[in-house]
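> Generate coordinates for the sequence data below:
(5 chains, ligands or ions: 4)
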Amino acid sequence: MRNFLGHSSRRLKAAIAFPLIGLALFLLSNRVDELRVYQGANVAVFVVAIISIILLTGYSGQISLGHGALMAVGAYAAVLSQIYWHLPVILTFFVAVLAAAGFGAILGSAAGRLTGPYLAGTTLALAVGLPSLANQFGFLGGEQGLNYDVGLPPAWLGADFTQYKWFFWISGLAALIITWLSFNLLGSHYGRNWRALRSNPTAAALMGIHVGRSKVLAFTVSSGLAGLAGALLAMTISLVTPSAFPTSLSFSIVTGAVLAGVTLLTGSIVGAVVLVAIPEITGALATHLGGSEKVTSNLPGLLTSVLLIVAVLLFPNGPQAIMKRTRKSSQ
Amino acid sequence: MERLFNTILIGVSGGSIYSLMALALVLVWRSTRVVNFAQAGQAILSTYIGYEVITHTDNYWLAFPIALVAGALTGALIDILMVRTLMKRAHSGPVAGIAPVIATLGLLGLIRAIVGMIWGGDLRQFKLPVSNHGFTFGHNTIPFAPINLLIVVTTVVVMLIFSVIFQRTNLGLSLRASAYQPEIARLAGIRVDLTRTIGWAFAGAAGAVAGMLVTPTNYLSPNSLDLLLVSGFVAAVIGGLESLVGAAVGGLILGISLALVLEYISSSLAFPVAFVVLIAVLLVKPSGLIGAKRTRHA
Amino acid sequence: MESNSTLLSIQNLSVNFGGLKALSHVSLDLHPGEVVGLIGPNGAGKTTLFNAVSGLVDVESGSLRVHDQDRPWPKPHDLVDLGISRTLQGVGLFPDLTVLENVMLGATKFVESGFIRASLGFDARDEARLRTRAMNALERVYAAGIAHRPVESLPYPTTKRVAIARALVSEPKILLLDEPAGGLGAQDIDWMNGLIRNLSENCAILLVEHHMDVVMSVCHRLYVLNFGEVIAHGSVHEVRQNPAVIAAYLGSGAVSA
Amino acid sequence: MSGLVISELNISHGAIRAVNDLSFTVKPGELAAVIGSNGAGKTTLLRTLSGLKSAHSGSVEWNGQSILRKKPEDLVRSGIVHVSDGKSVIPELTVKENLALGGIWRKDKKDVALATAEAIELFPRLGERMQQSADTLSGGERQMLAIGRALIARPKLLLLDEPSLGLAPLVIDQIFQAIKALRDRHNLTVVLVEQNAMGALRIADIGIIINLGKLVASGPAHELIDNPSLRAAYLGY
Amino acid sequence: QAFNVHTTDGVTPTTIKLGITIPLTGSAAPGYNKIPAAMIAYFNYVNDNGGVNGRKIQLVVKDDAYLPTLAVAKTNELILKDKVFAVIGALGTANHIAVSKSVNLGRRGVPDLFLNTGFSGFADAKKYPTTFSLFPSYIMEAKIMGQYLKDKFPGKKLGLIYQADDFGTDALAGFKQAGTNFAVKVSYASGSQSAQTAAGWVSKLKTAGAEVVVMFGVTTASGAALATSAALGYKAQWILGSVGGDATTLKAVGVPAVVLTGAIGASFLPAPTDTSDPYVAFFQGINTKYNGGAVFDNNVLVGMNTAMMTVQALRAAGSNPTQKGLVAALESKGSTFASAGLAPLNYAKGVHVGYNGYWFGSYNSSGELKPVGGDYSVYTTDSGAGAIVKSTYVRPALPANGLPTN
Ligand SMILES: Nc1ncnc2c1ncn2[C@@H]1O[C@H](COP(=O)(O)OP(=O)(O)OP(=O)(O)O)[C@@H](O)[C@H]1O
Ligand SMILES: Nc1ncnc2c1ncn2[C@@H]1O[C@H](COP(=O)(O)OP(=O)(O)OP(=O)(O)O)[C@@H](O)[C@H]1O
Ligand SMILES: [Mg+2]
Ligand SMILES: [Mg+2]
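Numbers count the residues shown, from 1 in each chain, chains lettered A, B, ... in the order given. Ligands and ions are numbered 1, 2, ... in the order given. Now for the predicted structure:
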């Protein structure tokens, strides 16, 4: 039974846990090979992106199939602020958050009136339409994109400190901070309000919650996080280009959120790991199984899709639903 | 004047194709409340089957009904094998809205992979059932050909048939009742599972129609209908998702506004325009042109 | 119980749905300490009147005074700021949330910490205050013991109590109850009677209810709606003898209860 | 044996045993009132009778045939019609369409039209609201619609879950009288679940009182009404 | 930073492991997806004949779906997990910029050979020390085409259809260099091409009265443009860029032969249907025996040609090849490699651009690209302000049995 102090003790635990997780990640990054470190950086990026969906869909109940586009907004803002204002890297991340949040606020004000499939359709159109705009304006660098350079790791980290480890540190730290902030936010009355208006907007309004404003806020915050994820993603490939933000990216992060259980922050890591691991695993399996070229080239796609369908059919509420079920049945 | 006229004709022939895809999406939406992203995959699969028939018999009009039946069967199978379980397991809670999105996206990937395994990634093509040479008046060839006429007529026919089915028949009422409240529909004696399967079959057939009609003017590959799916979805949302007439009109609005912008503003703005048109419509009418009526809150 | 000040006063309220006159020229007053019943046949417009006061339908004409001040018809989220709380016909709780969370939501207007404080985790004191208020409200409906249960798992009568606790936690001066006894068994109805009487010590109550025993035993005055119009008002005794009310609503048998 | 025969029926919701070793019989043409406080298992019982929920053990026969493992849509076609509590309309459809659902599976379209007319006569308010979506109805109007739709199905066994919920006193009277009249006219068998114990028992032939899933008492309705020990504990007056 | 540029990753006494990332699935896959199989076919032929200095060549193929993020991830797998000796035949401008920057092939010392892209930026050997591109740049192509227009169609009204991204921007830059003036320019967003949008392009060209139209886009776009203009009764002299000019694919997307006949195309390779060309004839033989008789189009030709050049590069790196040695070998001997290309190979110290020229042909009624005037006259230039000159390059003869002996 949770006690009366449940709330603050939860936060206390978190305040201790997060630095520990950070330390563990740091130690881990020194032990695994470079490929894993690179993939770790990708996992961290996806953690941020998935949290942005968890906040939006799992809490405020809005669906977005266009978060890839918001990631693009963040990435372009970051790289432009680097090119034109020569901002230090850390500040470019803040610019990414602010720009995407601002964009999200405008979009959210329009989207706040939409529900379910209407919102899905609008955001999907955004995902298809927005990145291609980069080809319309020369300063956005076109298809070959703009180089986004977070620089080499500082010299004091030693000569063995690889670029990818540096990426991992940056994105890992960002993911850790975002997870912690979201943990607080979603545990606060904001999170509660969002969950309430998701299940019964009328009743929520009667509680004094400004439903429209609340939804726009969720969209804004979620967009800001997506913007950060976009900048981090651009960092891992050192480039901001429209094709880095395809429609499939939007789908991937929503998929990650579903695999994460949509409402659970800790699930975001599971979702992110799966997203990063799937292409490698299915690719390896395909080579292992062999077959004609037609077959091997489509096998990874087939396996990924089957996995996805099975996951949604068997565990529609994510991994923690299974844990809950097993816990219940063992009682 | 002629320029405007031609542009609108181009818009109509493009838009009618979006309408066809939108109709298929609305059919599934109305009969199961699922936005079916696998629709493009189903249409591709049926079209490949049609393609096989054409390459073996050289007869489009034989391939057409076969593709249609294949589409219907695929739709039915998908419902039986996947959607039923999905509806049982993910019908409520925060995932209810997105679980079907993920499942149908997964299905799209699955069908694409299967098609890729069987037919490979090469571009293919089959012969036009009717000419694509624009109608000619004197020296003037207008950008509207018998094939476009065929597509427009088919769109209207599909729309009318299904509108009648939905609004005027017991099957239509059963479809709608099963989609909204399966349990109550059961209590009214409706065989809900069967009814929903029929809905999926209808949509599968409509998707096959779209595939068989669009492909001759473009080409066939595992991905060749992806963009059409997005345009179709946008058209359906513009139209309001609840209405087949809305889907048809939404497709035309999208097609014509795209054509106008590409002609008069910039020919490379295709994607942003779709977004702007959509937002413009939804800002005025958040549930589309012919959307659901506003409901009471308490 | 009469008092010259009115807490809530509705004048000439009309609401239309398309061609349908759901309410026409309805006037109604609620004074401090009063329990006023709003009764009438199904579809008479009772819930619609609540909806008009809480901003859930568009008002055609009419004016609203709260605490002797003219007010525009509020938006739903402004209602608690006017010191008004309402329950919804049926239950209207948030099914995915726990009882405590549901009730804490009712106290939203007492929230102080903003976005940044909440993100950084500096809202513990705020949350603790909300929780205390919520627990107090739950105690008033004798439901403190189930604070951490998910709402879904509760028996129906308990959900009704939680709904009332959620309405109470904002410390309203005016409480609008829509069929609080609907679907309750005999024992729970008795209990609800007692609860409503208790509550009326702290706030005025406007009550919509079809259970005549509840209405007759807790209300001081009654308004009777039929086809959107007030066909009778006055003391319980007067109304229940009114032939128009008997014909339209009570029927000859029900009065006996 | 004909009629509704329930014997040693057990129904669970996960770990909760909602109906426990319940046995009773309703003869053809009888009106049975099932009385019990909140959570007694009344709704659960009706949902099992109409096929929406599966039983744990025991048997239920209707006119000599087991109905336990049948699907609701088939049971409806054999005349078992269920009006579930409070939510039995499809809000997105119009009143007219909701009523049409009642006879959607029936072949005898003439009788469907007649039955529809009868339902509208019973609830004139529905006639005034035909083109409106059910969503916009008031609570009580929805209840009328649900009952009206059930009657159009021309049930042989009618399962009613708290039909009086949210209805005005006058309408409750009317509905109870109508149920009785229908029973008399069409030799309908009725299982009427009610919180309004007195009202229900007054029109019923037999009464069944359950508590926490178990049978407490059963017998002719008037005997139950007059039984002082039951009065205090279960009938609430 | 301590990257060991002398590594012999991927080399064992009996094998050499190479890698490629390329779109095998997705909308960019059609066509390109044939390249790896063609490479493997040729490598297998070489392996069956003793390999390279006794080592068999393995090619690890990864699907990047034409997405930069995946290209980086897959290239990382190739280098860090599969530990390939070199990356060959990578494709896609944005993809490869991302790969070069993020994976940083240069700093790791991983040879990055025979890029399949016309982006001129990779020519910078300082920035990309291990990268060798193969194709002439789009700027070169447009420049040469501009010159061709000036020579052959003076005074005609010109039209241009181009893709609204860098591919098109490079083309515009090239035409500007060549001083070409178009009466009408139509751009399209990549991916938006279809019969419907093409109707819009055609109506614009028609209105402007363009007599000669340059189609500088991908194959599906040129297919749509050609088919639609035929349907709308619009006749013009079409000039197809090399990217969108593969006759086999054009036929597959529904361009009737009559429409293609007489159109002009540009290439630096012989036509894949020209069996009189010894390279083509030889590769077709390999295709039948080792590639399951796939349809022999430009992509297959490019794949096999790239493979043949790879074998020569590996041989040139000596019997104990290192990654550094491979790069050096290409710089010193790359320009002498036997290849099917009719334009010269320009590899030298600090020069990492392969072909730099084009010839023009016209499609005959069976869709073969035949040189205008009967023999291949190749024009070469650079991506800057350099002149356009007629090449005198004579390509090396096909090695005996197609097995390089350099
Ligand atoms: N949005 C709407 N559109 C059309 N008609 C409506 C709408 N909302 C309510 N009505 C109609 O207005 C009338 C009044 O409804 P209301 O819900 O206020 O009744 P009520 O008095 O609360 O009845 P009950 O006791 O049955 O709950 C009803 O006849 C209803 O059908
Ligand atoms: N879906 C469910 N999941 C779990 N338990 C349930 C469910 N539905 C009912 N129950 C439990 O089963 C028991 C019987 O419930 P049921 O709804 O049948 O009672 P009832 O007699 O209809 O009550 P009421 O008068 O409140 O309608 C209760 O303890 C209830 O909590
Ligand atoms: Mg009401
Ligand atoms: Mg019940």
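
> Only C-alpha atoms from now on, for both contacts and neighbour counts.
Will do.

> neighbours around the closest residue to B:Q181 other than its chain neighbours, how many?
Leaving aside its sequence neighbours, B:Q181 sits nearest to D:I90 (Cα to Cα, 6 or more residues apart in numbering or on different chains; 6.3 Å). Around D:I90 there are 26 other residues, counting by other Cα atoms under 10 Å in any protein chain shown.

> Equivalent analysis for E:G374, please.
8.

> Give me the three-state assignment for it.
The three-state label given to E:G374 by DSSP: H, G, I helix; E, B strand; the rest coil is coil.

> Mind jotting down where the helices sit in the chain?
Looking at chain A here, since you left the chain open. With DSSP state H as the criterion, chain A has helices at A:6-29, A:34-53, A:67-85, A:89-111, A:116-129, A:163-187, A:189-199, A:201-206, A:211-237, A:247-260, A:267-289, A:293-314, A:319-330.

> Not quite, go with chain E.
Under DSSP H, chain E gives helices at E:29-32, E:35-48, E:68-76, E:93-98, E:105-108, E:138-152, E:166-178, E:195-208, E:219-231, E:247-252, E:257-260, E:278-290, E:298-316, E:323-333.

> repeat for the stretch 101-250 of chain B
Ranges of helices within the stretch 101-250 of chain B are B:146-168, B:170-180, B:182-187, B:192-214, B:226-239, B:244-264, based on DSSP state H, counting those that start in this stretch.

> what comes up buried for the fifth one?
It stands for helix B:226-239. Across helix B:226-239, burial judged by 16 or more other Cα atoms under 10 Å in any protein chain shown covers B:226, B:228-239.

> try the fourth one
For helix B:192-214, a neighbour-count test (16+ other Cα under 10 Å) marks B:192, B:195-214 as buried.

> Against C:L130, how distant is A:K13?
21 Å (Cα to Cα, to the nearest Å).

> before we move on, back to that, please produce JSON lines containing the helices of the stretch 101-250 of chain B, extended by distance to chain E and mean pLDDT.
Shown next, in JSON lines, are those (distance: least, Cα to the nearest Cα, whole Å; pLDDT from 0 to 100):
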{"stretch": "helix B:146-168", "distance to chain E": "10", "mean pLDDT": "94"}
{"stretch": "helix B:170-180", "distance to chain E": "34", "mean pLDDT": "94"}
{"stretch": "helix B:182-187", "distance to chain E": "38", "mean pLDDT": "92"}
{"stretch": "helix B:192-214", "distance to chain E": "9", "mean pLDDT": "94"}
{"stretch": "helix B:226-239", "distance to chain E": "8", "mean pLDDT": "92"}
{"stretch": "helix B:244-264", "distance to chain E": "6", "mean pLDDT": "93"}
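
> could you redo those helices as a markdown table and give each row distance to ligand 1?
Compiled in a markdown table, the helices of the stretch 101-250 of chain B are given as follows (distance: least, Cα to the nearest ligand atom, whole Å):
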| stretch | distance to ligand 1 |
| --- | --- |
| helix B:146-168 | 21 |
| helix B:170-180 | 19 |
| helix B:182-187 | 21 |
| helix B:192-214 | 29 |
| helix B:226-239 | 23 |
| helix B:244-264 | 23 |
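
> Out of those helices, which gets nearest to chain C?
helix B:182-187 (18.7 Å; Cα to the nearest Cα).
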